[in-house]
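Novice: below is the structure, and that's it, no one-letter string:
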């Protein structure tokens, strides 16, 4: 049976995002990993009598997509804050593709920040669409609602309140968004893009 392990992240001191906020947020990520493994075990147990457990199996399968996507989304998020802030190389393939798809790098940043500040919970995400060979941005509501099928996640900002509540009240989440972008390690994001192209 597949078992998922918590990833470890090399997150140092961040500008505008406290160590306490990261510490608490990582506990939530650990919970997703634990729950993914727990749901897998429960599905295996219930599958011993599928006829009797059909309804519960269906509900557990729905739960699995929430927990699994929550785990993976957070891994993209925390990896992008690992290794210290590094600027985007404007000559990189990612920078060129962002310019081709959004007009300018500034337009891209404005687009993703605007998505992040949309009312409600969720994520603002940059995706690579392998089928059409271009970048897309979108909002993801809950972990299992709004993921784009067939697309690889390149960059994701968590806009659930747990991501910033220790540092900013909800009325100041714009400050959290700006802090997130100040702390990005664009080398990690460029590597996500390279993997998506492979």
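Specialist: The structure has been received and is ready for your questions. Nothing here was measured: the structure is a model prediction, and the numbers come from that model. Residues are numbered from 1 along each chain as shown.
Novice: show me what the closest residue to residue 189 other than its chain neighbours is bridged to.
Specialist: Closest residue to residue 189 apart from its sequence neighbours, by CB to CB, 6 or more residues apart in numbering: residue 155 at 5.1 Å. C-betas here are computed from N, CA, C, even on glycine. As for beta bridges, residue 155 partners with residue 126 under DSSP bridges.
Novice: how close does residue 155 sit to residue 101?
Specialist: As defined by CB to CB, to the nearest Å, residue 155 lies at a distance of 13 Å from residue 101.
Novice: same drill for those two, tell me which one is more crowded.
Specialist: residue 155 (23 against 17; other CB atoms under 10 Å).
Novice: contacting residues for that one?
Specialist: Residues in contact with residue 155 (CB atoms under 8 Å, 6 or more residues apart in numbering) are 76, 80, 112, 125-126, 184, 189, 192.
Novice: do the same with residue 170
Specialist: Contacts of residue 170 by CB under 8 Å, 6+ apart are residue 161.
Novice: one more time with 10 Å
Specialist: 119, 161, 164, 176 (CB atoms under 10 Å, 6 or more residues apart in numbering).
Novice: same question for residue 164.
Specialist: Here residue 164 is in contact with 16-18, 21, 25, 158, 170, 172-173, 175-177, 179-180 (CB under 10 Å, 6+ apart).
Novice: 7 Å instead, please
Specialist: Taking CB atoms under 7 Å, 6 or more residues apart in numbering as the criterion, residue 164 is in contact with 21, 173, 176.
Novice: with secondary structure added, can I get those residues in CSV?
Specialist: Listed next are these as CSV, based on DSSP: H, G, I helix; E, B strand; the rest coil:
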residue, secondary structure
21, helix
173, helix
176, helix
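Novice: quick one: buried residues of stretch 53-60?
Specialist: Buried positions in stretch 53-60, judged by neighbour count with 16 or more other CB atoms under 10 Å: 53, 57, 60.
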